[in-house]
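> how would this look folded up:
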Amino acid sequence: MSGETADPTPLAPRERTRARVAAPAWQDAVDAAGELLVRGGLCTDDYVSAMKDAVRDLGPYVVVAPGVAMPHARPEAGVRSPGVSIVTLAEPVEFGHAANDPVDVVIAFAALDKQAHLRALQQIVTLIQNREALAELRAAETGDEIHAVLLRHGLPAASDQNSHRDQNSH
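You can find the predicted model right below:
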């Protein structure tokens, strides 16, 4: 069971998680989550800009549940490899969503195609629907604690989940 057969869109490994990030505005929150994707080599800075442009152009549709935003953009905006980052905020920020603001959890994702997009969404929805996991995520003090929450609740994290079915999808 080697990490080489891991699902290409697992939820965030330790290096793509940060807790208690200071973000004075929604743009800073998206930047914080996007920076982790860029640092991981999953996307370009242009992709992070495209995530913010999407919110500006289309509205706060990325705020998908109370307190949770899922910024993303089109693959051609600069996705290199699929992946997810998770950032919790020191103080919640307003994205402008009437029902689900303010946001304190930002789950950014990059996907190369529709199938990867749907897999990432499924995993994120699983996390969001697990109230206990979401509460623990919000209480986490470090990225390591966020990662531990994912593992504790059986959510795919880094190369902890093996899957052979996605090996030849590019």
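> Could you pull up phi and psi at the residue lying closest to residue 79 once chain neighbours are set aside?
Using C-beta to C-beta, 6 or more residues apart in numbering and skipping the chain neighbours, the partner closest in space to residue 79 is residue 110 (4.4 Å). Quick note: C-beta positions are derived from backbone N, CA and C, even for glycine. The phi/psi pair for residue 110 (degrees, to the nearest 10) reads phi -120, psi 130.
> can you check residue 34 too?
Torsion angles, degrees, to the nearest 10, at residue 34: phi -70, psi -40.
> Helix, strand, or coil at residue 38?
When classified by DSSP: H, G, I helix; E, B strand; the rest coil, residue 38 comes out as helix.
> Now do the contacts for it.
For residue 38, the contacting residues are 44, 45, 47, 48, by C-beta atoms under 8 Å, 6 or more residues apart in numbering.
> Turn these into TSV, columns for secondary structure and neighbour count.
Shown next, in TSV, are these (DSSP: H, G, I helix; E, B strand; the rest coil; neighbours: other C-beta atoms under 10 Å):
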residue	secondary structure	neighbour count
44	coil	17
45	helix	12
47	helix	23
48	helix	26
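> which one of those residues is nearest residue 94?
residue 48 (19.7 Å; C-beta to C-beta).
> leaving aside the residues next to it on the chain, what's closest to that closest one?
Excluding the flanking residues, the one nearest residue 48 by C-beta to C-beta, 6+ apart is residue 34, at 3.2 Å.
> Grab the nearest non-local neighbour of residue 73.
Nearest-residue entry for residue 73: residue 50, 3.6 Å, with adjacent residues in sequence omitted and distances by C-beta to C-beta, 6+ apart.
> my read: that neighbour touches residue 74, true?
Yes. Using C-beta atoms under 8 Å, residue 50 is in contact with residue 74, at 6.9 Å.
> more crowded one of the two?
Using other C-beta atoms under 10 Å, the more surrounded residue of residue 50 and residue 74 is residue 50, with 22 against 13.
> Buried residues in the longest strand that the chain contains, which are they?
Counting residues, the longest strand found in the chain (DSSP state E) is strand 83-93. Residues 83, 84, 85, 86, 87, 88, 89, 92, 93 are the ones in strand 83-93 that count as buried (16 or more other C-beta atoms under 10 Å).
> Pull stretch 25-42 out as CSV, backbone CA atoms only.
The C-alpha coordinates for stretch 25-42 follow below in CSV (Å, rounded to 0.1, in the frame of the first residue of the first chain):
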residue,chain,number,x,y,z
ALA,A,25,-11.4,40.4,4.6
TRP,A,26,-12.8,37.6,2.5
GLN,A,27,-10.1,38.2,-0.1
ASP,A,28,-7.4,37.6,2.5
ALA,A,29,-9.1,34.3,3.5
VAL,A,30,-9.1,33.2,-0.1
ASP,A,31,-5.4,34.2,-0.4
ALA,A,32,-4.5,32.2,2.7
ALA,A,33,-6.1,29.0,1.4
GLY,A,34,-4.9,29.6,-2.2
GLU,A,35,-1.3,30.2,-1.0
LEU,A,36,-1.3,26.7,0.4
LEU,A,37,-2.3,25.3,-3.0
VAL,A,38,0.4,27.4,-4.8
ARG,A,39,3.0,26.4,-2.3
GLY,A,40,2.1,22.7,-2.8
GLY,A,41,2.6,23.2,-6.6
LEU,A,42,-1.1,22.5,-7.3
